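Colleague: Dropping the sequence and predicted coords here.
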Amino acid sequence: MEKFRYKLSGTCASMVEFLIANDVVQKVVFQGGCAGNTQGVGRLVEGMAVSEVVARLKGIDCKGKGTSCPDQFAKGLEVCVSKK
């Protein structure tokens, strides 16, 4: 199991930490942001393949910002997993 940290940009949450094992998301914790929403995202994606999480979350927009906490998490997954 590998632990990753990714600094978010353009969102209320500042950071996301996540665990991945065998290309499956195991645990997700956002720092900051809307607590209920970020906890919900984290719990919903646990047990999902990284590629499925990215496909579902990438491109979600929050209030016309061009990004969101889920979108930034998807980007973080792509960046961190590609570095392995």
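Modeller: Yep, it's here. Residues are numbered from 1 along each chain as shown.
Colleague: for the chain, what spans make up the helices?
Modeller: Listed in chain order, the helices of the chain (DSSP state H) span 35-45, 50-57, 69-82.
Colleague: any idea which of these is most buried?
Modeller: Comparing these by mean neighbour count (mean count of other CB atoms under 10 Å), helix 69-82 comes out on top with a mean of 20. No exception for glycine: its C-beta is placed from N, CA and C like everyone else's.
Colleague: That one to helix 50-57, inter-axis angle?
Modeller: Orientation check (axes from the mean of the first three to the mean of the last three CA atoms, to 10 degrees): helix 69-82 against helix 50-57 gives 150 degrees.
Colleague: for the helices of the chain, which one sits closest to residue 28?
Modeller: helix 35-45 (3.5 Å; CB to CB).
Colleague: The closest one packs against which elements?
Modeller: When contacts are defined as 3 or more CB pairs under 8 Å, 6 or more residues apart in numbering; DSSP states H and E, helix 35-45 packs onto strand 24-32, helix 50-57, helix 69-82.
Colleague: Could you rerun that using 10 Å?
Modeller: strand 13-21, strand 24-32, helix 50-57, helix 69-82 (3 or more CB pairs under 10 Å, 6 or more residues apart in numbering; DSSP states H and E).
Colleague: Show me what the first one pairs with in its sheet, parallel or antiparallel.
Modeller: Partner strands and pairing direction for strand 13-21 (DSSP bridges) are strand 2-7 (antiparallel), strand 24-32 (antiparallel).
Colleague: Please identify the buried residues of it?
Modeller: Neighbour counts over strand 13-21 (16 or more other CB atoms under 10 Å) mark 13, 16, 18, 20 as buried.
Colleague: And the third one, how far from residue 63?
Modeller: It stands for residue 18. 24 Å (CB to CB, to the nearest Å).
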